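S.K.: Compute the structure for the input listed below.
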Amino acid sequence: MDMHLLFKGFVIGLSIAAPVGPIGILCIRQTVAEGRISGLATGMGAALADSLYASIAGLGLTTISAFLLGHLAFIRLLGGFFLFFLGIKTFRNIPIQKPDLDIQKNLVGKFFSTFILTLSNPMTILAFAAVFTGFGLLKDSHSQISPGTLILGVFLGSASWWLTLTTVVSLIRQHLNFAKLIWINRVSGILIFLFGIISIISLLK
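M.R.: Reported below is the predicted structural model:
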């Protein structure tokens, strides 16, 4: 395995995942409201979606890329409505002060809901394509680059970000009382709701 290529993929995955957006807010909220495991399940869904889009960009799957970008407006509209209703649900949700094993029964649902939500932004393909080009990773992809190693690096980079974020937030969570947890829920809900509104409004331009 080309460790240098793996490291490049790691840095790319980390840089794509790190900017704060609706997924980051959702991951923080899940960690605060239900504990680190729930937050990590949310983040891993995003990491898998990032890896999928990285594979489309890295492998040059132009047919899939063209289809997704060709239906960009419709996909973003669905993602916007999803954020809209998720924001409302988050705002109204009551945080759990002491997460237990029962709350972890819906981890698969959290994982796949975030996976689908992350996929609702096909522009991520162009972001990966631009970064790959900047790193010089698409010039000789057929002869010199191992896509599997690169994509694994992207996944590890993205996953490392979500692991770090949920760990830090879970440590902070221990010092929050119930009233503060409620307000974090409300602020998170409002922000996610606004991201949904912005996503929908941007399609009207």
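S.K.: For the helix or strand hosting residue 30, give me every contacting residue.
M.R.: Assigned by DSSP states H and E, residue 30 belongs to helix 22-34. Applying Cβ atoms under 8 Å, 6 or more residues apart in numbering, the contact partners of helix 22-34 are 38-43, 46, 83, 86, 90, 93, 95-96, 99, 103, 110, 114, 117-118, 162, 165-166, 169-170, 173, 176, 181, 184-185, 188-189, 191-192, 195-196. Every C-beta, even on glycine, is put in place using the N, C-alpha and C of the backbone.
S.K.: Which among these count as buried?
M.R.: The neighbour-count criterion (16 or more other Cβ atoms under 10 Å) marks 38-43, 46, 83, 86, 90, 93, 95-96, 99, 110, 114, 117-118, 162, 165-166, 169-170, 173, 181, 184-185, 188-189, 191-192, 195-196 among the contacts of helix 22-34 as buried.
S.K.: Out of the residues you listed, list just those in strands.
M.R.: Within the buried ones among the contacts of helix 22-34, no residue falls in strands by DSSP state E.
S.K.: So which of those residues belong to helices?
M.R.: When DSSP state H is applied, those are split such that 38-43, 46, 83, 86, 90, 110, 114, 117-118, 162, 165-166, 169-170, 173, 181, 184-185, 188-189, 191-192, 195-196 fall in helices.
S.K.: Please name the spatially closest residue to residue 127 (chain neighbours excluded).
M.R.: In space, and not counting its chain neighbours, residue 127 is closest to residue 16: 6.3 Å by Cβ to Cβ, 6 or more residues apart in numbering.
S.K.: I meant residue 31, not that one.
M.R.: Nearest one to residue 31, counting by Cβ to Cβ, 6+ apart, is residue 39 at 2.9 Å.
S.K.: Next, the angle from the helix or strand the residue nearest to residue 127 falls within to helix 22-34.
M.R.: Here residue 16 sits within helix 3-17, counting by DSSP H and E. Relative orientation of helix 3-17 and helix 22-34, computed by axes from the mean of the first three to the mean of the last three Cα atoms, to 10 degrees: 80 degrees.
S.K.: From here on, call the first residue 13.
M.R.: Noted, 13 is the first residue going forward, which turns the last one into helix 15-29.
S.K.: what comes up buried for helix 15-29?
M.R.: Within helix 15-29, the residues that count as buried by 16+ other Cβ under 10 Å are 17, 18, 20, 21, 22, 24, 25, 26, 28, 29.
S.K.: just stretch 59-71 next, same as before
M.R.: Under 16+ other Cβ under 10 Å, the buried positions of stretch 59-71 are 59-71.
S.K.: same deal with stretch 86-98?
M.R.: By 16+ other Cβ under 10 Å, the buried positions in stretch 86-98 come out as 87, 88, 91, 92, 94, 95, 96, 98.
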